[in-house]
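1. Sequence and predicted structure are below.
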Amino acid sequence: MLLDAPDKCGGPQNSADVFLLLVIKSSPENYDRREVLRKTWAKERQHNGAWIRRVFISGTSRTGFEKRRLNKLLKIENSENKDILQWDFHDSFINLTLKQVLFLEWMDRWCPHARFLLNGDDDIFANTFNMVEYLQGQKSNDGSKHLFTGSLMEGTGPIRDPASKYYVPVQVQESEIYPPYCSGGGFLLSSFTTKTIYNMSHSIELLPIDDVYMGMCLEKAGLKPTSHHGIRPFGLHIPAPNVDQFHPCFYREIILVHRFQPHMIFVMWDEIQNPHLQCGKTYSVFL
Ligand SMILES: *[C@@H]1O[C@H](CO)[C@@H](O)[C@H](O)[C@H]1NC(C)=O
Ligand SMILES: *[C@@H]1O[C@H](CO)[C@@H](O)[C@H](O)[C@H]1NC(C)=O
């Protein structure tokens, strides 16, 4: 580990005080995204009496001088914000599962009782007010029971085309089907489920597709992921041609959307909080 934030949850004993831990996958060069998230949806705060905390998880990028410079950048950011976990591995798509598992290990050690987690990318727009309210609405679940929800992927299987980003050779996975899983752009899970996945990961070989790997761990534990209509890692796809696709009313209702540029996150975060915003039926994504 290169950078740590062991006090993020107030120590393992006190970590139950953290209601929602935002765990954001971010490569070292994505400084602009991290800065905007710190000021917007990932701001550490209390909502409805529930504490929201944030960590970025990162590896290393580039080589030589550039690599050292990016490591320095994260070091400066961490001394200012105390929100970076960095490990010494090359931060690439293929290594995302490694990043996830390293995080689970960290979580088990430093933040075992944080009640819920958002696991997501650094280019999503998340309505963390809605997220907290949705999780608080799980009346019988304070994090001690199973929850794993997002954009559900079912009946998919490994892509065998070597030119694809998602290529998985037969030698790595023989089976032609993946278990159900949630798209890695962003999903929500409970402390119980996090722990279970971590336990399962000890006996499942790493598959280079991180979200599928989570599905494999769930399957082994006999747990199922569920679908949440407000989690849209593939965008909103608003069919009406003459409507502003980025009208704040659409984003008032959702929990999470992929993908947003940093300046759009900044503007949207401000707009959804406008108390004078009038939202008619045209601007509902749930029709
Ligand atoms: C994954 O990380 C390891 C450790 O840094 C590195 O040796 C390997 O090349 C990385 N793989 C990819 C595809 O980036
Ligand atoms: C994880 O494994 C440990 C040790 O085997 C066990 O005590 C614990 O109950 C397991 N937790 C879950 C949530 O499966």
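-> Now that the structure is in, tell me what you want to look at. Ligands and ions are numbered 1, 2, ... in the order given.
2. What are the boundaries of the helices in the stretch 51-200 of the chain?
-> 64-81, 96-110, 128-136, 191-201 (DSSP state H, counting those that start in this stretch).
3. so which of these comes closest to ligand 2?
-> Evaluated over those, closeness to ligand 2 peaks at helix 191-201, with 3.7 Å, by C-beta to the nearest ligand atom. C-beta: built from backbone N, CA, C; applies to glycine.
4. relative orientation of the longest strand along the chain and helix 64-81 in degrees?
-> Counting by DSSP state E, the longest strand found in the chain is strand 50-60. Counting by axes from the mean of the first three to the mean of the last three C-alpha atoms, to 10 degrees, strand 50-60 lies at 170 degrees to helix 64-81.
5. packing partners for strand 50-60?
-> strand 18-25, helix 31-39, strand 45-47, helix 64-81, strand 84-90, helix 96-110, helix 128-136 (3 or more C-beta pairs under 8 Å, 6 or more residues apart in numbering; DSSP states H and E).
6. now it against helix 128-136, angle please.
-> Going by the same axes, to 10 degrees, strand 50-60 makes 110 degrees with helix 128-136.
7. Okay, now the unreliable bits of the protein?
-> Along the chain, segments meeting pLDDT under 70 span 287.
8. Quick check: residues of it near ligand 1?
-> Contacts of the chain with ligand 1, taken as C-beta under 6 Å from any ligand atom, map to Phe89, His90, Ser92, Ile94, Asn95.
9. how about the helices and strands packed on strand 50-60, which one is nearest Pro162?
-> helix 96-110 (18.9 Å; C-beta to C-beta).
10. C-alpha coordinates for that closest one, CSV please?
-> Only the C-alpha atoms of helix 96-110 are listed here, as CSV (Å, rounded to 0.1, in the frame of the first residue of the first chain):
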residue,chain,number,x,y,z
LEU,A,96,-9.7,-3.6,-11.5
THR,A,97,-10.6,-6.9,-9.8
LEU,A,98,-7.3,-6.6,-7.9
LYS,A,99,-8.2,-3.1,-6.9
GLN,A,100,-11.6,-4.3,-5.6
VAL,A,101,-10.2,-7.2,-3.6
LEU,A,102,-7.5,-5.0,-2.1
PHE,A,103,-10.2,-2.6,-1.1
LEU,A,104,-12.3,-5.4,0.5
GLU,A,105,-9.3,-6.3,2.6
TRP,A,106,-8.8,-2.7,3.7
MET,A,107,-12.5,-2.4,4.5
ASP,A,108,-12.4,-5.6,6.6
ARG,A,109,-9.6,-4.1,8.6
TRP,A,110,-10.4,-0.4,9.0
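11. residues of it that come out buried?
-> Leu96, Thr97, Leu98, Lys99, Gln100, Val101, Leu102, Phe103, Leu104, Trp106, Met107, Trp110 (16 or more other C-beta atoms under 10 Å).
12. can you list contacts of that helix?
-> Residues outside helix 96-110 that contact it (C-beta atoms under 8 Å, 6 or more residues apart in numbering) are 1, 4, 6, 8-9, 11-12, 15, 21, 23, 25, 57-59, 85, 87, 89, 91, 114, 117, 119, 184, 194-195, 197-198, 201, 206-210, 213-214.
13. That helix near ligand 2 at all?
-> No. Applying C-beta under 6 Å from any ligand atom, one finds helix 96-110 out of contact with ligand 2, separated by at least 9.0 Å.
14. Run a quick neighbour tally on Glu154.
-> By the criterion of other C-beta atoms under 10 Å, Glu154 has 12 neighbours.
15. Enumerate every residue touching it.
-> Glu154 makes contacts with Pro180, as judged by C-beta under 8 Å, 6+ apart.
16. so how far is Cys182 from it?
-> 10 Å (C-beta to C-beta, to the nearest Å).
17. Then Pro28?
-> 26 Å.
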